[in-house]
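Asker: What follows is a predicted structure for the sequence shown.
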Amino acid sequence: MLTRVVLICATLVALVFGLIGPAGAAGDSGDPYKLSAGDRIRVTVYGEPDLSGEFDVSDQGYVGFPLIGQIVVQGLTPTAVEKILIDKLGKDYLVNPRVNVQVVNYRPLYIIGEVKTPGQYPYISGLRMVNAIALAGGYTPRARKSPLYVKHADDATGTEHEVSEDTVVLPGDVIRVAERFF
């Protein structure tokens, strides 16, 4: 019983101080970030500065890595890429390699439609639709502010979804602000 009370209190403290987010929070899909074209990653191989560096994910989803060559990272998490690099480096080149992969730059987002400056913008973690529209100079006088529409880059169907201003933006999203008719 005491253990359960302590666990509940620790969870509440973590929620209050923002250490963890509430379940089902807007934009919290529970899925870890998956790499795609336009991302830039930093690979650190500890003790091997010649193998470490920053790499762009190509439009085909590949990264060219020293000694190993091209590896497919499209649709993989940074942790999965770490495991691939550890396996490949440990097999032929290093003894017990330690590898870390971080996303340095996320793929950009795109804002189109009734905003003052439509175009491509850098992704910022935690960005909401209303903030993205502010990056694009705000709404035009002809804009319909609700609903907004978004196509997610990782949605293979290319379906456009209706969202609110409070929805979290993901890397590669295409946000469309529709025109009002009155």
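Answerer: Ah, there it is. Residues are numbered from 1 along each chain as shown.
Asker: Can you give me the domain assignment for the protein?
Answerer: The chain is divided into the following domains under automatic domain parsing: 40-105, 109-177.
Asker: average pLDDT across the shortest one?
Answerer: Per-residue pLDDT values across domain 40-105 average out to 94.
Asker: rewinding a little: can I get the domains of the chain in TSV with mean neighbour count and distance to K34?
Answerer: C-beta here means a position set from N, CA and C on the backbone, and glycine is covered the same way. Below are the domains of the chain laid out as TSV (neighbours: other Cβ atoms under 10 Å; distance: least, Cβ to Cβ, whole Å):
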stretch	mean neighbour count	distance to K34
domain 40-105	15	5
domain 109-177	16	6
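Asker: Out of those domains, flag the one nearest Y33.
Answerer: Ranking the domains of the chain by proximity to Y33 (Cβ to Cβ) places domain 40-105 first, at 6.5 Å.
Asker: Turn the domains of the chain into CSV, columns for distance to P32.
Answerer: Formatted as CSV, the domains of the chain follow (distance: least, Cβ to Cβ, whole Å):
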stretch, distance to P32
domain 40-105, 5
domain 109-177, 12
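Asker: all strands for the protein, in order.
Answerer: Per DSSP state E, the chain carries strands over the ranges 40-45, 53-56, 62-65, 69-72, 99-105, 109-113, 119-121, 148-151, 160-163, 174-177.
Asker: which helices and strands does the last one pack with?
Answerer: In this structure, strand 174-177 packs against strand 109-113, helix 129-135, strand 148-151, with contacts taken as 3 or more Cβ pairs under 8 Å, 6 or more residues apart in numbering; DSSP states H and E.
Asker: Adjacent strands (with direction) for the shortest one?
Answerer: For strand 148-151, the paired strands and their directions (DSSP bridges) are strand 160-163 (antiparallel), strand 174-177 (antiparallel).
Asker: so which of those strands comes closest to Y62?
Answerer: Taking the strands paired with strand 148-151 one by one with Cβ to Cβ, strand 174-177 is closest: 23.5 Å.
Asker: hmm, back to that, I'd like the helices and strands packed on strand 174-177 as JSON lines, with mean pLDDT and distance to R176 appended.
Answerer: Listed next are the helices and strands packed on strand 174-177 as JSON lines, based on pLDDT from 0 to 100; distance: least, Cβ to Cβ, whole Å:
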{"stretch": "strand 109-113", "mean pLDDT": "96", "distance to R176": "5"}
{"stretch": "helix 129-135", "mean pLDDT": "96", "distance to R176": "11"}
{"stretch": "strand 148-151", "mean pLDDT": "96", "distance to R176": "4"}
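Asker: That concludes my questions; thank you for your assistance.
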